[in-house]
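J.: What follows is a predicted structure for the sequence shown.
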Amino acid sequence: MKTLITGGAGFIGSHLAEHLIGQGHEVFVIDNLWTGKLAHVESIRNHERFHLVVDTILNESVMNELIFKVDHIYHLAAAVGVRNIMDHPVETLDINVKGSETVLRLANRFKKKIFIASTSEIYGKHLEHSLSEDDNRVMGTVKKRRWAYACSKTLDEFLALAYYDEKKLPVVIGRLFNTVGPRQTGQYGMVLPNFVQSALLGKPITVYGDGDQTRSFTHVQDVTDAVARLMAEPGAEGDIFNIGNDKEVTINELARKVKEMTGSNSDIEHISYERAYGPGFEDMERRCPDIAKINDLIGFRPANDLDVIIQSVIDYFKR
Ligand code: UDP
């Protein structure tokens, strides 16, 4: 099968490209290298079934040609990382809203099945329980920039479902929770690569806020496996699935684990959100998926636990 991955030179996209090549597919990638890197696709760069186009998904004629020739589209191109979103609000909204609008419109022109990579951010500030696909969203004020990202991705979901309902376009939506693993950079704020790099360099491991906030981390290979299997499952069409790990950890615990597993002498320091991101930042205190729905449909359970995940990131940075 011929597939197109938008954002295929990014952290998750490049792992998905390798996965699909490994399954025997022909893979076309479009990436503007905003946060993607050529180095991410080094292992498949010269593969006969791999084709890279360095361009933006907003370039309609290029996208038209690509979408015309493939069978399936994986739409992963988006603004990435909390720091990036805080620093580049216009680009974030532009690529997430206009980019997804373009990809969906062209997918519909040729009726090509499309996976939309969405995010756990869209649930917002839930505290009480694990997050299920049909939960309400709890958004903060428009004055806080982070919510623009959540709202732009929510719009992508609305648009995808609208195309499914009204135009019969086969779409599958995956809400990715904190995805981590080799190739992820700490440059855009992500916690695990930052902690591991600091620990290996003997620099302070900086926890933002009180560190009691929780996240649940999933290895990127579990995520790409789930994404590919959802696209192969007709029962997933027109629906939304959490893709994540239901084991929750506080950021304080994560810092301690990274320090221990790297054998680092780094101090664990706490700094305010304001110092980390500037004024007007709001964090989620808790985030953990309910994964019953994806488990029921395709039997998904993440294979890698937190220790394996952390070790894979340590090994990556040591290399
Ligand atoms: N965080 C931290 N130190 C860092 C980077 C992030 O304590 O160097 C915290 C951040 O405030 C958040 C959690 O770790 O509570 C996860 O942050 P990340 O940006 O990786 O993902 P997201 O906030 O999108 O879940």
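T.: That came through, no problem.
J.: got the residues of the protein near the ligand?
T.: 82, 178, 189-191, 194, 206-209, 213, 215, 251, 283 (C-beta under 6 Å from any ligand atom). In this view, the C-beta of every residue, glycine as well, is placed from N, C-alpha and C.
J.: Need the buried ones from these selected in PyMOL.
T.: Remark: buried members of the residues of the chain next to the ligand, expressed as a PyMOL selection using 16 or more other C-beta atoms under 10 Å:
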select buried, resi 82+178+189+190+191+194+206+207+208+209+213+215+251
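J.: Mind picking the two most distant members of the residues of the chain next to the ligand?
T.: Asn178 and Thr206 (17.5 Å; C-beta to C-beta).
J.: nearest residue to whichever residue of the stretch 1-150 of the chain sits closest to the ligand other than its sequence neighbours?
T.: The ligand sits closest to Val82 of the stretch 1-150 of the chain, with a gap of 4.3 Å, by C-beta to the nearest ligand atom. Leaving aside its sequence neighbours, Val82 sits nearest to Gly189 (C-beta to C-beta, 6 or more residues apart in numbering; 4.2 Å).
J.: again with Gln213
T.: Gln213 sits nearest to Glu285 (C-beta to C-beta, 6+ apart), 4.9 Å away.
J.: That neighbour touches Asp210, doesn't it?
T.: No. Counting by C-beta atoms under 8 Å, Asp210 is not a contact partner of Glu285; they are 9.6 Å apart.
J.: and the residue positioned nearest the centre of the chain, what pLDDT?
T.: Taking C-alpha atoms, centre = their mean, the centroid of the chain lies closest to Leu176, which sits 5.4 Å from it. Leu176 is assigned 98 on the pLDDT scale.
J.: Quick check, it in contact with Phe115.
T.: No. Between Leu176 and Phe115 no contact is recorded; they are 11.0 Å apart, counting by C-beta under 8 Å.
J.: just to revisit the earlier point, state the distance from the residue nearest to Val82 to Val223.
T.: Here Gly189 is placed at a distance of 19 Å from Val223 (C-beta to C-beta, to the nearest Å).
J.: go on, Gly140?
T.: For Gly140, the distance to Val223 - C-beta to C-beta - is 26 Å.
J.: what about these two, which has more around it?
T.: Val223 (26 against 14; other C-beta atoms under 10 Å).
J.: That one: helix or strand, and which one exactly?
T.: For Val223, the host element (DSSP states H and E) is helix 220-231.
J.: Restricting to C-alpha, output that helix in PDB.
T.: C-alpha atoms of helix 220-231 as PDB (Å, rounded to 0.1, in the frame of the first residue of the first chain):
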ATOM      1  CA  VAL A 220       6.800   5.800  20.600                       C
ATOM      2  CA  GLN A 221       6.900   2.300  19.200                       C
ATOM      3  CA  ASP A 222       3.700   1.400  21.100                       C
ATOM      4  CA  VAL A 223       2.100   4.500  19.700                       C
ATOM      5  CA  THR A 224       3.100   3.800  16.000                       C
ATOM      6  CA  ASP A 225       2.000   0.200  16.400                       C
ATOM      7  CA  ALA A 226      -1.400   1.300  17.700                       C
ATOM      8  CA  VAL A 227      -1.800   4.000  14.900                       C
ATOM      9  CA  ALA A 228      -1.000   1.500  12.100                       C
ATOM     10  CA  ARG A 229      -3.400  -1.100  13.600                       C
ATOM     11  CA  LEU A 230      -6.200   1.400  14.000                       C
ATOM     12  CA  MET A 231      -5.900   2.400  10.300                       C
END
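J.: Run the chain-centre distance for it.
T.: How far helix 220-231 lies from its chain's middle: 12 Å, per C-alpha atoms, centre = their mean, to the nearest Å.
J.: Give me the sheet partners of the helix or strand that comes right after that helix and which way each runs.
T.: For helix 220-231, the following helix or strand on the C-terminal side (DSSP H and E) is strand 239-243. Take DSSP bridges as the rule and strand 239-243 pairs in its sheet with strand 171-176 (parallel).
J.: For the next helix-or-strand element following the partner strand, give the mean pLDDT please.
T.: Sequence-wise, the next helix or strand downstream of strand 171-176 (DSSP H and E) is strand 179-180. Summarised as a single mean, pLDDT over strand 179-180 is 98.
J.: What pairs with strand 179-180, parallel or antiparallel?
T.: Strand 179-180 has the following strand partners under DSSP bridges: strand 218-219 (parallel).
J.: which residues touch the partner strand?
T.: 176-181, 243-245, 302-304, 308-309, 312 (C-beta atoms under 8 Å, 6 or more residues apart in numbering).
J.: Would you mind measuring from Lys153 to Gly99?
T.: Counting by C-beta to C-beta, the gap from Lys153 to Gly99 is 11 Å.
J.: from the chain's centre, how far out does the least confident helix or strand in the chain by mean pLDDT sit?
T.: Lowest on mean pLDDT, DSSP states H and E among the helices and strands of the chain sits helix 82-87, with a mean of 84. Counting by C-alpha atoms, centre = their mean, helix 82-87 is centred 15 Å from the centre of its parent chain.
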